[in-house]
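Asker: sequence and predicted structure, then a few things I'm wondering about:
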Amino acid sequence: MKVKGFLKDVGGASRVTKRRQENFDKAPATSQYNDPITEVARKLHPGFIKLTVTAVKDASPTARTLRFEAPHLPYFRAGQFLTLLVKIGDSLVTRPYSISSAPYETRGDKPLVEITVRKSKGDGFICDYLYEKVKVGDEFLGEVGLGEFHYDYIRDAKDVVAIAGGSGITPFASMAKEIKNGKLDMHLTILYGSVSDKDIILKDELDKCECEKVRVVHVLSGDNPSWKGEKGFINADIIKKYSSEDTTYFICGPQVMYDFVKGELAKLNIPKRRVRFEVFGQVRDITKFAGFPVELKDKVFNLTVCKGISEQVIPAKCNESIAVALERAGIKVHTACRSGACGFCRIKVLEGSYYVCPVGDGRRAADKDFNYVHSCSTYPTSDIKIKLNID
Ligand SMILES: Cc1cc2nc3c(=O)[nH]c(=O)nc-3n(C[C@H](O)[C@H](O)[C@H](O)COP(=O)(O)OP(=O)(O)OC[C@H]3O[C@@H](n4cnc5c(N)ncnc54)[C@H](O)[C@@H]3O)c2cc1C
Ligand code: FES
């Protein structure tokens, strides 16, 4: 057998080894490697950043807009949310809020981002704190630009009908401002359901956005005899009236509105690919879901939290998610959507049993097999041991 170039190859290999050794000897002691892609990704998604409150203003008699500024705000897409980390007492809690300002406002000399928080009807925790207590100068950690609820010209039709209820108007306010400023090319008709005209959130800002490409239709469901506009719930007739032949529907509001609107869209035979729902956050009452062991609802279990080599035992109520138990104990858990969808709060269950909320269960099949769960939508049904990531 004749091997062509064999000696040349062997000689070459020894030269490579020598050159490698020379480079190794010349190399500095610390890593000099700068990956430009990683750098860009870091700038776009810097994780939690410091946000300073620079303005607090009323957005309706029951909602308030908080303006945050930061030296370097990451870019986001109109419709996305930010997650705010809030410390109340011993609890370290996060909540998602759709960004109500427009992406173009994060550029320029004074980059800003705004959220609009509605106060509760008496059963709120973070929302009432944000509504009542926050003042100019307060500082928070927040993660800006999360979620999939944004317009995409490749996937979505040029005509968009947005269906909003209550504080669900916020992502559409952001889209409307971006369109009005010529930064987003789509036609947006917002069907905004409120009980009365006093409940309309961000009315002035929405009025200012009305133009050839943005239309806002208020639909009032309460008893408003002097109201000349659309009345009742946002039903199939109203949706049809404001739709074109090719429309994408974006829906954001309370869970009850989702159930109703889903039925109305089904009457109009709208294909699923044309309908986009925002996630609705943590469920108010898990005991109402099929399969939840109601007989255990008042039980408090031991939750053993393993992080690295440390172990801590904390109480965990059966009717509260594992994420809430961790937060009550002041243990930081990385959450974003709080709806079971995104996987940011993924943990491994080492021992014990649990119930997973069937709505919005975004776990991968392999995760189910290997006992990984999303802590924001998982409830302990026995003493339980979990492993947290070290961050
Ligand atoms: C994508 C998205 C966007 C949103 N955008 C907006 C918006 O623009 N505007 C808006 O107003 N809302 C918005 N929300 C809703 C918002 O995230 C909050 O759910 C809402 O403000 C209510 O918060 P809350 O803490 O008062 O009540 P909940 O979120 O319902 O929390 C109450 C729960 O907190 C837990 N809890 C109680 N005490 C403690 C304690 N001491 N420690 C730890 N946990 C405790 C308990 O489990 C209790 O059930 C959005 C939600 C999602 C998912
Ligand atoms: S925070 Fe998104 S799945 Fe838990």
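Answerer: Noted; the coordinates are in hand. These figures come from a predicted structure and were not determined experimentally. Ligands and ions are numbered 1, 2, ... in the order given.
Asker: which SSE is Lys43 in?
Answerer: In this assignment (DSSP states H and E), Lys43 forms part of helix 36-44.
Asker: for the residue nearest the centre of the chain, which three-state class applies?
Answerer: With distances taken as Cα atoms, centre = their mean, Cys337 lies nearest the centre of the chain, 4.0 Å away. When the structure is split into helix, strand and coil by DSSP: H, G, I helix; E, B strand; the rest coil, Cys337 lands in coil.
Asker: what of Asp58?
Answerer: strand.
Asker: wait, what's in contact with Cys345?
Answerer: 323, 333-336, 338, 374-376 (Cβ atoms under 8 Å, 6 or more residues apart in numbering). Yep, even glycine has a C-beta here, placed from its N, CA and C like the rest.
Asker: for Ala157, that is, sorry about that
Answerer: Residues in contact with Ala157 (Cβ under 8 Å, 6+ apart) are 244, 246-248, 274.
Asker: hmm, back to that, surely the residue nearest to the centre of the chain meets Phe344?
Answerer: Yes - with contacts counted by Cβ atoms under 8 Å, Cys337 reaches Phe344, the gap being 7.3 Å.
Asker: for ligand 1, what's the nearest residue on the stretch 251-391 of the chain?
Answerer: Gly281 (3.2 Å; Cβ to the nearest ligand atom).
Asker: separation between that residue and Pro96?
Answerer: Gly281 sits at a distance of 7 Å from Pro96 (criterion: Cβ to Cβ, to the nearest Å).
Asker: mind listing the shared neighbours of the two?
Answerer: Taking Cβ under 8 Å, 6+ apart as the criterion, Gly281 and Pro96 both touch 337-338.
Asker: more neighbours: which of those two?
Answerer: Per other Cβ atoms under 10 Å, whichever of Gly281 and Pro96 has more neighbours is Pro96, with 23 against 17.
Asker: hang on, the earlier thing: and the buried ones among the contacts of Ala157, selectable in ChimeraX?
Answerer: Buried members of the contacts of Ala157, defined by 16 or more other Cβ atoms under 10 Å, are picked up in ChimeraX with:
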select :247,248,274
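Asker: pretty sure Glu320 sits in a strand.
Answerer: No - inclusion of Glu320 in a strand is not indicated when three-state DSSP is applied; the result is coil.
Asker: what about it, how many residues nearby?
Answerer: Here the number of neighbours of Glu320 (other Cβ under 10 Å) works out to 17.
Asker: mind starting the numbering at 758 from now?
Answerer: Sounds good: first residue 758 from here, last item Glu1077.
Asker: who touches it in this structure?
Answerer: In this structure, Glu1077 makes contact with 1043, 1085, 1136, judged by Cβ under 8 Å, 6+ apart.
Asker: what's the closest of those to Lys807?
Answerer: Nearest to Lys807 out of those is Arg1085 (Cβ to Cβ; 24.5 Å).
Asker: quick one: the helix holding Lys800 to chain centroid distance?
Answerer: Helix 793-801 has its C-alpha centroid displaced from the chain centroid by 21 Å (Cα atoms, centre = their mean, to the nearest Å).
Asker: just the CA trace of it, in CSV.
Answerer: Taking C-alpha atoms only, helix 793-801 is exported to CSV below (Å, rounded to 0.1, in the frame of the first residue of the first chain):
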residue,chain,number,x,y,z
PRO,A,793,-19.2,39.6,19.8
ILE,A,794,-22.5,37.6,19.6
THR,A,795,-22.5,37.0,23.4
GLU,A,796,-21.8,40.7,23.9
VAL,A,797,-24.8,41.8,21.8
ALA,A,798,-27.0,39.2,23.5
ARG,A,799,-25.9,40.5,26.9
LYS,A,800,-26.8,44.1,25.9
LEU,A,801,-30.2,43.0,24.6
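Asker: which bits of this structure sit near ligand 1?
Answerer: Proximity of the chain to ligand 1 (Cβ under 6 Å from any ligand atom) is limited to residues 838, 848, 850, 852-855, 872-875, 877, 881-885, 904, 924, 927, 1035-1039, 1041, 1077, 1081, 1084-1085, 1094-1096.
Asker: tell me the buried residues within those residues.
Answerer: Of the members of the residues of the chain next to ligand 1, the ones counted as buried by neighbours, 16+ other Cβ under 10 Å, are 838, 848, 850, 852-855, 872-875, 883-884, 904, 924, 927, 1035-1039, 1077, 1081, 1084-1085, 1094-1096.
Asker: ok, and which of those reach ligand 2?
Answerer: 1094-1095.
Asker: so which of the buried ones among the residues of the chain next to ligand 1 belong to helices?
Answerer: With helices defined by DSSP state H, the entries of those inside them are 883-884, 927, 1081, 1084-1085.
Asker: now do the same contact list for Val1090.
Answerer: Taking Cβ under 8 Å, 6+ apart, one finds 851, 1080, 1083-1084, 1102, 1132, 1145 in contact with Val1090.
Asker: same deal with Thr819?
Answerer: With Cβ under 8 Å, 6+ apart as the criterion, the residues that contact Thr819 are 875-876, 956.
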